[in-house]
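[1] Sequence plus predicted model, see below.
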Amino acid sequence: MGAVYLSPSKKKAQAEGGIIVFEDEASFRQSPTLHQTWAPRHSQPQIPTRGERNTQKILGAVALASCRFAYRHQTEYFNTETYGAFLEEVLLPKFYRRGHRVFLIQDNASYHKHPDMQAWYQTQSKRLVVYPLPKYSPEFNAVERIWQFTRKDATHNRYFATVQALCTSLFSTFADIQRFPNLIVGLLQPYL
């Protein structure tokens, strides 16, 4: 994969000394997600399931240059209020530096484009510049690669008896990514 579509935001961010940050949301199910694995021949691995559809919702963001990752565990559905709270309480405190705006790359979720969010973006113009990705292009969002890594590391081929067990696995993987950003450097390379 070659360089990704980012030239307008990259140029402006470099000119200003800004910080390019990708944002995305994901849901992780308590029921097992199967993925290819090794097993003895003619012995397919069996993973039990509770038959429940509990999901844990996560908002995440990653800064390209530093590979710093921030997230928020969400108990409600994703909406304008929860997204705005994530930006104000997690993303900006983590990534904004005085005089160095955050160049936020996000997808086209309806709550990202809601009039209330548009008005909030205007009030934050000294700290935040928003660039939407082209429609239906998850391959252009760097956080999607972190979600793939998380699923392989924390949820694929595993049984979670409780929601807390799922959360513990997810949060452990996120903590590793935060402590050891080199885990995701290779994943973000195409976006640099």
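    That came through fine. Computed from a prediction, not measured in an experiment: that's the story for all the values here. Numbers count the residues shown, from 1 in each chain.

[2] Which strands and helices lie in contact with the lengthiest helix in the chain?
    In terms of residue count, the longest helix belonging to the chain (DSSP state H) is helix 163-179. Here helix 163-179 touches strand 55-63, strand 69-74, helix 142-150, helix 182-188, going by 3 or more C-beta pairs under 8 Å, 6 or more residues apart in numbering; DSSP states H and E. For every residue, glycine as well, the C-beta is placed using N, CA and C.

[3] List the beta-bridge partners for Leu128.
    Using DSSP bridges, the bridge partners assigned to Leu128 are Val102.

[4] Against which helices or strands is the worst-scoring helix or strand of the chain on mean pLDDT packed?
    The helix or strand of the chain with the lowest confidence, counting by mean pLDDT, DSSP states H and E, is helix 7-16 at a mean of 77. Contact here means 3+ C-beta pairs under 8 Å, 6+ apart; on that basis helix 7-16 packs against strand 19-29, strand 102-106, strand 128-132.

[5] Quickly note the distance from the residue nearest the centre of the chain to His156.
    Among the residues of the chain, Gly60 comes closest to the average C-alpha position under C-alpha atoms, centre = their mean, at 3.3 Å. Applying C-beta to C-beta, to the nearest Å, the value for Gly60 to His156 is 18 Å.

[6] For the residue lying closest to Cys167 once chain neighbours are set aside, name its beta-bridge partners.
    The spatially closest residue to Cys167, leaving aside those adjacent along the chain, is Gln56, at 6.0 Å (C-beta to C-beta, 6 or more residues apart in numbering). Assessed by DSSP bridges, Gln56 has beta-bridge partners Phe28.

[7] who are the neighbours in contact with Gln56?
    27-28, 30, 73, 163, 166-167, 170 (C-beta atoms under 8 Å, 6 or more residues apart in numbering).
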